[in-house]
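Novice: what follows is a predicted protein model with its sequence.
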Amino acid sequence: MLRSIRTTRPITAYLRRGKSSKSWTPEEATEVERVTQIALTHDLIQSATSSISTTVPWFLDNMPASYFRVTPPSVRTDHLKAISALKDTDMSLSVDIKSKLPEVDIFTTKDGSMCLNSFKFGGTITKAECTEERKAMEQSVQEIAQKVYDGELEYDGVDPAHCSPELVEEYVKKCSTSYLNNSVSRRFLKQMSLYRVVSGGEGVSVSIEDFNPSEYTNQNGDLPSGMSAEDNLVWIDTAVCNSLPQYALEYFSRQMKMNDLSVVRTHLDNVKDGETGNVTLLRMLVKQKDPSAPTPDWKRMKRNLKRQKWIDPKTAELMERETHLGVRRAEIITATASVLHPIMKKVNPIAFSKANIHSTLTNPANVPIAAEIADYFIEKFDPKTGRMSTEAMAEREAHLRSMVESSVVDRSAITLLHKMVDVVQHTLRTNLFLEDRYSLGLRLDPSLMHSEEATAERELPYGVVFCHGRRFNGYHVRFRDIARGGMRLVTPASPEQLALESGRHYDECYGLSFAQQMKNKDIPEGGSKCVCLIDTVGMSNSNKQFVMRKSVKAFSDSILDLIVKTDETNEKVVDYFDKPEVLYLGPDEQVIPDDINWIVERAAKRGLPTPSAFMSSKPRAGINHKEFGVTSEGVNVFVDVAVREVLKIDPTTTPFSVKLTGGTDGDVAGNEVKILFREYPDTVKVVGMCDHTGSLEDPDGLDREELLRLFHGSLPLDEFDVGRLGPEGALHKVDTDEGVKMRNTMHNRVKADVFIPAGGRPNTIDESNWRQFLDADGVPSSPLVVEGANLFITPTARQEMFDEAGILIVKDSSANKAGVICSSYEICAAMLLSEEEFLANKEDIVADVLVKLRQFAKVEAELLFREFENYPGALPHFSGLISDTINKATDAVSAELQKLPPSEVERLMPLVREHLPARMAEIGFERIDNMPPQYRLAAIASSLASKIVYAEGVNFVKSQPTENLSTIAMRYIEVEKEMEDLAGEIDESGMDEVTREKLKDLVKRGGVRTSLNIF
């Protein structure tokens, strides 16, 4: 920065020596620099003086009065300096907003030559602001609000309920002085009403109204600069909950540009909104740039403004480039591109890459036809016209396909446009017309996602939901009408990984959902899964977390859009599926407690019956899986039965060794270590573990107290005290290449009787590397594997490990099913008990749940090894067979139950009571009608089906024609009761005890089967 130099001598005096007229020649370089500095300083002073002499009068004449009213003198001086410098250098000012902006003011000069944007950082009310002037402002607002509240005044757009003294006082205290100073009373109260509409949520409220000159004229009847009654000015007010202010300003400004509107004045303020975060209030006074142009479609603009917070950047780009599309059509096109990627990748992964699909459908040459297809989507689901007839839809689709063939040359584009028609054809329900939706949700016919060949190879899901929102796409796949499964967040680190995950997005969700279906055989809910793919590439961790939380909210709320029945959804959602849908969520990877709480609260606000059942693992009224070790309790039962059956030992008396993947701070691995030491304190040795920090190994057994210290402290393995290792023990940390290698190979190298994968990446052992599990002599490092983690070993590897090495593997869908059963019981508790009842009885309820979990694990484990002993095949085959058989029986019984009169269904309700944990049933069974009717029927069906299969075996059910299953199942209950009565009569007979017990055992084992004449 140059400093001015005070001097009274003319500059030429420094360029002469004495009275000589010769040119001055410097003798040293430093003298040149000194004189040059003086000369440049003089020129700049002269130039700046000239500029300021013209800028200051212009500034005072052209800046609006509101600017001087709200801008302190010191800030005005800074503005003037900057403007003068810009005018002097003929530069334009461009502000890149990167910080949190609590307040923004925009002022336009009278001559229209400049728009000044004033950004104020900070935002809290300081002590200095609590002046008499502010107190007067507050009092004025409160007095007028009181009149509105009392009915003495009526203001359009102001809800009197929002003007109670308590609410007004609370709101005013959150507002900055400049905000109060900038607002006339009616507009302030209106903005407060907009705030109240969105407070505590994630929504956007918008008001558009004509400018009222009488509110702004001064005592002389003049309007502030920039305002003219002849300009047809319009106020646009928005309240955006929990959004970064810079984004709000950005996307609302984009709408002004797209609609060819000139912004006369803008104010942006942030108002705190409790734990939710903040509400950004943006007020824009606008006018048409061309007064002769048609009046903008304000209704459409209002709809677009409400969507701006939630639309994807690609949608915004398309909408801005093709302004005729509007939000709805642009969103339909970009959503379709996302749906198609997992489908078309299987056809040609290069031609139909994620980028190519999007660029093809948004190519200006193809946009007209893509827009026509989007129009068909809009027409199909327009609530004003109602459902289209099958004939009308077929005619419209044929016309569109004809247009594609006749108008498009590129074969890839033709294929994609035809598939876009397919998407519309297979959409059964959408939230497109809901006012406050957070993303675009489609309830799809699952056949869209599966070719005929693929459908023949794998089961078609019951339902698929797809959601497309800001920076995310989400699939929810379920295999039964009533279904439950976790929500998983996937956040790739690079654009390449994001594209890769997009291509396999649906298949990952399908695979996880199908695995859940195999686990859920013992409970009313079928299997489902949500996978939310989020674009957080290049973001800081704080921004990443912000976007992730937004994506969870948008995804879950859009699912609610498609399943809740309210006046709004009945009016605005055109339904081609015609069935109510019941589904439940649970947490999975990267979902946090705040997400769970928000989802439950949102479900309640949206009117979902029993909202607390919508999401499991709630922090208070839930059963925390890690705290109570629910999954590991089931895993260990399978370990116990397997050790007895495979190793032929009693684990309570004979020593055996175990290795695990997963750390002491993990859910399944940590709890399994605790349970192993609890159940087998004198016999078990944990000889190896690995986690993200390293690998622990000790053939003499890792120190129990030290492992339990890490578990109870939620500490990873690298915190292990190496002083407590045996002579051959080692801790390999991942801070060296060798440590990484040892960690990654621990599960293969360390010898143990049992291997329990209880953590680690899916497909760690596959068909290409499973032989590394064998030593040099071909002997497995463990003869028995019990899968506590999902998908650790691929199906092909499982089969080859059994066929070629004789390794017995208890599959994940059996071994770790206890977690899903626990979540199901949590859903039941939410239906039958109040939160207060649950919390008051939580200890007893959890204890009963754990008993049930062990029982379910034990009956399946025993059946699994019974089937394995009696029939050829590997354990995973029988695991899948048991699940398939129970699910097949459940479906058959469910179909029959739909036909029964209520009195007959009521007769079967004891099955539901028997299924419930004892304390839960004792307190809440009398409220069984709180369960949705479909859920009660599903509970009866699954309870009866699992009871039959576990008692009688797989072949008992598989040998029967499907059409006979329901009849046999219903008869089974009656005969089972007869056998119980017969066992009671045997007990009361005069036979000796040994004979009585033998007869009772025979009746129990074969009485029902014999009575039913099934062998």
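Specialist: Structure's in. What do you need? Numbering: from 1, shown residues only.
Novice: what about Val141, how many neighbours?
Specialist: Val141 has 22 neighbours, counted by other C-beta atoms under 10 Å. Backbone N, C-alpha and C define where each C-beta goes, glycine included.
Novice: what's the answer for Ala604, then?
Specialist: Based on other C-beta under 10 Å, the number of other residues close to Ala604 is 14.
Novice: Leu608: what's it in contact with?
Specialist: With C-beta atoms under 8 Å, 6 or more residues apart in numbering as the criterion, the residues that contact Leu608 are 560, 563-564, 614.
Novice: mind putting those in CSV, secondary structure, neighbour count and pLDDT included?
Specialist: Shown next, in CSV, are the contacts of Leu608 (DSSP: H, G, I helix; E, B strand; the rest coil; neighbours: other C-beta atoms under 10 Å; pLDDT from 0 to 100):
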residue, secondary structure, neighbour count, pLDDT
Leu560, helix, 24, 97
Ile563, helix, 19, 96
Val564, coil, 20, 96
Phe614, coil, 29, 95
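Novice: identify the residue nearest Gly924 in space, chain neighbours excluded?
Specialist: Leaving aside its sequence neighbours, Gly924 sits nearest to Leu832 (C-beta to C-beta, 6 or more residues apart in numbering; 3.0 Å).
Novice: separation between that neighbour and Ser243?
Specialist: To Ser243, Leu832 is 39 Å away according to C-beta to C-beta, to the nearest Å.
Novice: do the same with Gln590
Specialist: For Gln590 relative to Ser243 (C-beta to C-beta), the value is 21 Å.
Novice: higher neighbour count, the two?
Specialist: Ser243 (23 against 16).
Novice: isn't the more buried one right next to Lys309, touching?
Specialist: Yes. Between Ser243 and Lys309 there is a contact at 5.5 Å, judged by C-beta atoms under 8 Å.
Novice: low pLDDT regions in the stretch 651-800 of the chain?
Specialist: Nowhere does the stretch 651-800 of the chain drop to pLDDT under 70.
Novice: got the residue ranges for the helices in it?
Specialist: Taking DSSP state H, counting those that start in this stretch, the helices of the stretch 651-800 of the chain run over residues 667-679, 704-712, 737-749, 795-805.
Novice: dump the C-alpha coordinates for the shortest one into CSV.
Specialist: In other words, helix 704-712. The C-alpha trace of helix 704-712 is given here as CSV (Å, rounded to 0.1, in the frame of the first residue of the first chain):
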residue,chain,number,x,y,z
ARG,A,704,-8.8,-61.5,28.4
GLU,A,705,-8.7,-58.6,30.8
GLU,A,706,-6.9,-56.4,28.2
LEU,A,707,-9.4,-57.2,25.5
LEU,A,708,-12.3,-56.5,27.8
ARG,A,709,-10.7,-53.2,28.8
LEU,A,710,-10.6,-52.2,25.1
PHE,A,711,-14.2,-53.3,24.6
HIS,A,712,-15.6,-51.4,27.5
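Novice: tell me which residues are up against that helix.
Specialist: Counting by C-beta under 8 Å, 6+ apart, residues outside helix 704-712 touching it are 663-665, 670-671, 673-674, 677, 686, 689, 715-717, 719-721, 724.
Novice: mark which of the residues you listed are buried, thanks.
Specialist: 663-665, 670-671, 673-674, 677, 686, 689, 715-717, 719-720 (16 or more other C-beta atoms under 10 Å).
Novice: what's the closest of those to Gly701?
Specialist: Val686 (6.2 Å; C-beta to C-beta).
Novice: the closest one contacts Lys659, doesn't it?
Specialist: Yes. Look at Val686 against Lys659 with C-beta under 8 Å: they come within range, at 7.4 Å.
Novice: noted, bye for now.
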